[in-house]
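**Q** got a predicted model here, sequence first, then my questions.
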Amino acid sequence: MYIIFRCRKCGRYLYAKAGSKTKTCTCGYRNYLRRVITIKKVEDERTAGEVVRFMQSYKNTDFKSLG
């Protein structure tokens, strides 16, 4: 199981295994998974990658700060 969430600093969509503690974004920020807001849960890594690519291309994140 994988979770899809947004970076708490830049807003980029990311995915990580559900049992992980952290995921580091390309902006360098370490996201603690117990603190992020889960957008979606998917079963496999391939689907997670597809969903993230779709959301980044069509939702037009512009990587703005969420705070």
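**A** Happy to help now that I have it.

**Q** element containing the residue nearest the centre of the chain, please.
**A** Centroid-nearest residue in the chain: Leu14, 2.2 Å away (criterion: CA atoms, centre = their mean). For Leu14, the host element (DSSP states H and E) is strand 13-17.

**Q** tell me the pLDDT of the residue nearest to the centre of the chain.
**A** Predicted confidence (pLDDT) for Leu14: 96.

**Q** neighbouring strands of the strand holding Leu14 in the sheet, and parallel or not?
**A** Applying DSSP bridges, strand 13-17 is found paired with strand 2-6 (antiparallel).

**Q** so how far is the strand it pairs with off the chain centroid?
**A** The chain centre lies 4 Å from the centre of strand 2-6; the measure is CA atoms, centre = their mean, to the nearest Å.

**Q** keeping just the C-alphas, turn that strand into PDB.
**A** In PDB, the C-alpha atoms belonging to strand 2-6 read as follows (Å, rounded to 0.1, in the frame of the first residue of the first chain):
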ATOM      1  CA  TYR A   2       1.300   3.500  -0.900                       C
ATOM      2  CA  ILE A   3       0.000   6.900   0.200                       C
ATOM      3  CA  ILE A   4       0.000  10.000  -2.000                       C
ATOM      4  CA  PHE A   5       0.500  13.400  -0.300                       C
ATOM      5  CA  ARG A   6       1.800  16.900  -0.800                       C
END
